[in-house]
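Participant: Sequence and predicted structure below; questions after.
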Amino acid sequence: MADGASTSAAQASTSASEQASPSTATEPQAAPAAAPAPEADAAKPVYQSQRFTIFEALSATGLRSIRYAREIPLLKWVLANDLSASAAAAMRRNVALNFPAGRPIKEWQPGEAADAAAAPLADEKPADQEASTEAEPSTTADAAAPGADASAATDGEPQIHKHCRVRVNEGDATDVLYTHRAVSKRFDVIDLDPYGSAVPFLDGAVQAVADGGLLCVTCTDLAVLAGSGHPEKAFSSYGGTVARVDYCHEVALRLVLHSIASAAARYGRTITPLLSLSIDFYVRVFVRVESKPIEVKRLACSTGTVSTCNRCGNFEAAPLGRERPEERGGQKFQPGYAASVGSMCQECGGQARFVVSGRAPCRDEQEGVRDEQHIRNLVRLTQIMGKHMNRYSEASSSLSRLRTILAQSQR
């Protein structure tokens, strides 16, 4: 963008100087002619490369980052981070085993991924040059190129291929997130998969993910999220409580989404849930993060408390805010109304009390938990992956799960 603006300005000033007479060439009349050029270029859409970056905040052995690098063709690079020194050493060994320096690149990167890694795009700098320009004094491997790991592999350790897209960093995940809040440094995808709750990393993650980027969050503390025995812990961590109901796992998903949405709203950003999963002992959500200050105002309208009967499961949601159109145009936001169910459940004949749970997204049915069209696209892409990448077993497992989610959404 800056190059285009300077080129336009140079052309405008040159044409003006050619047309001007010798007596007026030194006058400042021709200078304002080049001023509109930056504004015209600023209105043009900014080109964004199809290559994207991933940050795995808590990588442990780095196996997920290795799979990202091996299986995603358009991946630019993935930064695998862990606070433990032994984990970082294990990641370097695993990366060297999967991307050895002495083996041709097409033997360990299938199909289009090998071509993309072997022939970088024209607008992309080589990994070693890119690392030198992006290096930060406070982080050692924040922008460390794969070649840096290969050069540091001494004392008989296997070296890493120079085209490897995995970068290993030993450091605090929150430090890396907060040092990447600038727009030019943000990650396209951030993957949070800690042991327990991901809440301590959400504030930095919603700032470090690019506009329109993907945030993947996993929480394994279902005893807190889906159980009614620790309401104080659920409230302090996720800002809500859970009642003893049959749909407690869905409440757990909504509590996690509420925590992400609340963290993003502080910075004028909003989330769009694409896929939400409750599997075994953990929940995992995939959300798109965008900078939309106007949509942030509607967060209270889609968040509220839920009054649930302990005996029959009857419930009623009460949003924390209301939105109504004004006569002169626009929208006006007002506080929400209290639930009208009273304290005793009439469905049970007034023999059981309502228990209040939330705060959480309280839209009707599955709305606000997943994007059905996005899931349909995932089904189509998974079928293509199984056909062209010879990964039929993994594709079959993923298709089965995605089709089950679609069936639940269509009830």
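Facilitator: Structure received.

Participant: hang on, isn't Tyr267 packed against Gln207?
Facilitator: Yes. At 5.8 Å, Tyr267 and Gln207 qualify as touching, with contact defined as Cβ atoms under 8 Å. Where you see a C-beta, it was placed from the backbone N, CA and C, and this is true even at glycine.

Participant: where does the protein dip in pLDDT?
Facilitator: In the prediction, the chain carries residues with pLDDT under 70 at positions 1-49, 105-157, 361-371, 381-397, 399, 401, 405-411.

Participant: In it, mark out all the strands, start to finish.
Facilitator: Secondary structure of the chain by DSSP state E: the strands cover 52-56, 75-82, 166-170, 187-192, 209-219, 269-279, 282-291, 303-309, 315-319, 321-325, 331-335, 354-361.

Participant: Looking at those strands, which is nearest to Arg254?
Facilitator: With Cβ to Cβ as the criterion, Arg254 lies closest to strand 354-361 of the strands of the chain, at 3.8 Å.

Participant: The closest one vs strand 315-319, what angle?
Facilitator: In this structure, strand 354-361 runs at an angle of 50 degrees to strand 315-319, with axes from the mean of the first three to the mean of the last three Cα atoms, to 10 degrees as the basis.

Participant: circling back to that earlier point, would you list the strands of the chain in JSON lines and tack on distance to Cys248?
Facilitator: Compiled in JSON lines, these are given as follows (distance: least, Cβ to Cβ, whole Å):
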{"stretch": "strand 52-56", "distance to Cys248": "29"}
{"stretch": "strand 75-82", "distance to Cys248": "32"}
{"stretch": "strand 166-170", "distance to Cys248": "37"}
{"stretch": "strand 187-192", "distance to Cys248": "22"}
{"stretch": "strand 209-219", "distance to Cys248": "14"}
{"stretch": "strand 269-279", "distance to Cys248": "9"}
{"stretch": "strand 282-291", "distance to Cys248": "11"}
{"stretch": "strand 303-309", "distance to Cys248": "10"}
{"stretch": "strand 315-319", "distance to Cys248": "12"}
{"stretch": "strand 321-325", "distance to Cys248": "25"}
{"stretch": "strand 331-335", "distance to Cys248": "28"}
{"stretch": "strand 354-361", "distance to Cys248": "9"}
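
Participant: circling back: which one's more surrounded, Tyr267 and Gln207?
Facilitator: Neighbour count, other Cβ atoms under 10 Å: between Tyr267 and Gln207, Gln207 has more, with 19 against 14.

Participant: what's the spacing between the more buried one and Arg284?
Facilitator: Spatial separation of Gln207 from Arg284 under the definition Cβ to Cβ, to the nearest Å is 21 Å.

Participant: Run a quick check on Phe281 versus Thr218, I expect a contact.
Facilitator: No. Counting by Cβ under 8 Å, Phe281 sits too far from Thr218 to count as a contact (10.7 Å).

Participant: Those two: who's more crowded?
Facilitator: The residue with more neighbours, out of Phe281 and Thr218 and counting by other Cβ under 10 Å, is Thr218; that gives 20 against 10.

Participant: That one and Lys297: what is the separation?
Facilitator: Distance check for Thr218 against Lys297: by Cβ to Cβ, it reads 29 Å.

Participant: what do you get for Gly62?
Facilitator: 41 Å.

Participant: who's more crowded, these two?
Facilitator: For the pair Gly62 and Lys297, the greater number of neighbours falls to Gly62 (26 against 15), based on other Cβ under 10 Å.

Participant: Extract the C-alpha set from stretch 223-231 and format it as PDB.
Facilitator: Included here for stretch 223-231 are C-alpha records, laid out as PDB according to Å, rounded to 0.1, in the frame of the first residue of the first chain:
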ATOM      1  CA  ALA A 223     -16.400 -30.800  36.800                       C
ATOM      2  CA  VAL A 224     -16.700 -27.000  37.100                       C
ATOM      3  CA  LEU A 225     -18.300 -26.300  33.800                       C
ATOM      4  CA  ALA A 226     -20.900 -29.000  33.700                       C
ATOM      5  CA  GLY A 227     -21.300 -29.800  37.400                       C
ATOM      6  CA  SER A 228     -23.400 -28.100  40.100                       C
ATOM      7  CA  GLY A 229     -21.000 -28.800  42.900                       C
ATOM      8  CA  HIS A 230     -18.600 -25.900  42.300                       C
ATOM      9  CA  PRO A 231     -20.800 -22.800  41.500                       C
END
